[in-house]
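Q: Here is a sequence with its predicted model. Questions after.
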Amino acid sequence: MTNNHTIVIGNVLRADIRGFVVASRIPEPEVPTFGTFVRAPIQQEQTDLIGIVHNIRLQDDPFLRTLAATIAPDDPQYAEVIQDQRENRALPVEISVAAIGYRIAGRGSFIYGFPPQPPMVLYSIAVCSDQEVEAITASPEFMRTLLDAPDLPTDELIPAALERAAALRPASEVEHFLVDSGRYLARYLGRDPVRLDRILRRLESLYTAARAT
């Protein structure tokens, strides 16, 4: 399904130039997944910061602590309680995002790298539309800050982001997109062949599927 509308996932809890954490209370099916592209307003909402979700942490609260301590699988109401918790009750969630670039309002191109400032606390964060993700990933440079970040699960995050971006492209363009991305990774990680091989192996199934179409 094409996503071209805005999905607000929560508000900034804390932030720095490298990324930010979003506080959210949304139902489980709507929690963003690992590798989701998001955007945040900065510079008095004149610029969009672009980031990628790299961690999702479910928080507890008094109700959850009580529920976890008392409910059991053999309880007749167990299935009903779990379904209600997953579908109806908002879960307290912290979503960690790594900054990968930004775009100044009125300009079509993205600038890859750290933004001029982090988003302000309590600003709303939205999931990027499919069209925005295609534009962001048009250049493999979007991976640069991820590759340079020692404290991120980059070797898993980059394949997840590339898989998401490849799925949005026409079948005829996917192989070229993955090959171009692989060449960029080879240049950037030329002195770290073990790490390069680890990332490329995660992309192998995507490339094989693209060649088969």
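A: In hand now; what should we look at?
Q: Would you mind measuring from Gly182 to Ala212?
A: 17 Å (Cβ to Cβ, to the nearest Å). The way it works is simple: take the backbone N, C-alpha and C, and place the C-beta from them, glycine included.
Q: for the lengthiest strand in the chain, what is the average pLDDT?
A: For the chain, the strand with the greatest residue count under DSSP state E is strand 91-104. Summarised as a single mean, pLDDT over strand 91-104 is 91.
Q: Summarise which helices and strands it is packed against.
A: strand 7-16, strand 19-26, strand 37-42, strand 47-58, strand 111-112, helix 144-147 (3 or more Cβ pairs under 8 Å, 6 or more residues apart in numbering; DSSP states H and E).
Q: in terms of contact, does Arg211 touch His176 like I think?
A: No. Using Cβ atoms under 8 Å, Arg211 is not in contact with His176, being 11.1 Å away.
Q: returning to that earlier point: and the angle for the longest strand of the chain with strand 37-42?
A: Orientation check (axes from the mean of the first three to the mean of the last three Cα atoms, to 10 degrees): strand 91-104 against strand 37-42 gives 70 degrees.
Q: Skipping its backbone neighbours, what lies nearest Pro116 in space?
A: Leaving aside its chain neighbours, Pro116 sits nearest to Gln43 (6.5 Å; criterion: Cβ to Cβ, 6 or more residues apart in numbering).
Q: Give me the neighbour count for that neighbour.
A: Using other Cβ atoms under 10 Å, Gln43 is surrounded by 16 other residues.
Q: That one against Pro119, yeah?
A: No. The pair Gln43 / Pro119 is not scored as a contact, 9.6 Å apart, by Cβ under 8 Å.
Q: Okay, the closest residue to Leu147 other than its chain neighbours and Ala135: tell me how far apart.
A: Leaving aside its chain neighbours, Leu147 sits nearest to Tyr188 (5.6 Å; criterion: Cβ to Cβ, 6+ apart). Distance of Tyr188 to Ala135, given as Cβ to Cβ: 21 Å.
Q: quick revisit: more crowded one of Gly182 and Ala212?
A: The neighbour comparison of Gly182 against Ala212 (other Cβ under 10 Å) goes to Gly182, with 18 against 8.
Q: give me the element that one is part of.
A: helix 171-188 (DSSP states H and E).
Q: tell me the angle of the helix or strand following that helix relative to helix 171-188?
A: Remark: after helix 171-188, the chain's next helix or strand is helix 193-212, criterion DSSP H and E. Interaxial angle of helix 193-212 relative to helix 171-188 (the same axes, to 10 degrees): 170 degrees.
Q: Return the distance of helix 193-212 from the chain's centre.
A: 20 Å (Cα atoms, centre = their mean, to the nearest Å).
Q: what's in contact with it?
A: Here helix 193-212 makes contact (Cβ atoms under 8 Å, 6 or more residues apart in numbering) with 155-156, 158-159, 162-163, 166, 171, 174-175, 178-179, 181-182, 185-186, 189-190.
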